[in-house]
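[1] Sequence and computational prediction follow.
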Amino acid sequence: MENDRLALARRIERAEARLVVDIARGVLERSPREGGFLQEFGGGAAVCAGADSPLTKWTAWVCGVPRTSA
């Protein structure tokens, strides 16, 4: 049961992350904003689509992957 919940949580997180990245990419291509950026890395992305944008966030699509020290 716990594994089912974890698998579902991972699927939801990946879907949300892909959605945020896809929308931010479109917003930034159509209307570049000063200071706006989309940087994908590691298993996630940092998104800044403007100070008042609900898309400005860090999101991950890989849950449960052990972190390693830099």
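    Nice, thanks for sending it over.

[2] what's the spacing between the residue most central in space within the chain and Arg25?
    For the chain, the residue sitting closest to the mean C-alpha position, by Cα atoms, centre = their mean, is Thr59 at 2.9 Å. From Thr59 over to Arg25 the distance is 13 Å, taken as Cβ to Cβ, to the nearest Å. For every residue, glycine as well, the C-beta is placed using N, CA and C.

[3] before we move on, what about Asn3?
    Taking Cβ to Cβ, one finds Asn3 at 33 Å from Arg25.

[4] Quick one: residues in contact with the lowest-mean-pLDDT helix or strand in the chain.
    Ranked by mean pLDDT, DSSP states H and E, the weakest helix or strand in the chain is strand 57-60, scoring a mean of 73. With contact meaning Cβ atoms under 8 Å, 6 or more residues apart in numbering, strand 57-60 is reached by 13, 16-17, 20-21, 43-47.

[5] Looking at those residues, which is nearest Glu34?
    The closest of those to Glu34 turns out to be Val47 (Cβ to Cβ; 15.2 Å).

[6] Among the contacts of strand 57-60, which pair sits farthest apart?
    Maximum pairwise distance in the contacts of strand 57-60, criterion Cβ to Cβ, is 15.8 Å, between Glu13 and Ala46.

[7] of the two, who's got more company?
    Glu13 (17 against 14; other Cβ atoms under 10 Å).

[8] quick one: the more buried one is in a helix?
    Yes. The assignment for Glu13 by DSSP: H, G, I helix; E, B strand; the rest coil puts it in a helix.

[9] and the gap between it and Ser31?
    Counting by Cβ to Cβ, the gap from Glu13 to Ser31 is 27 Å.
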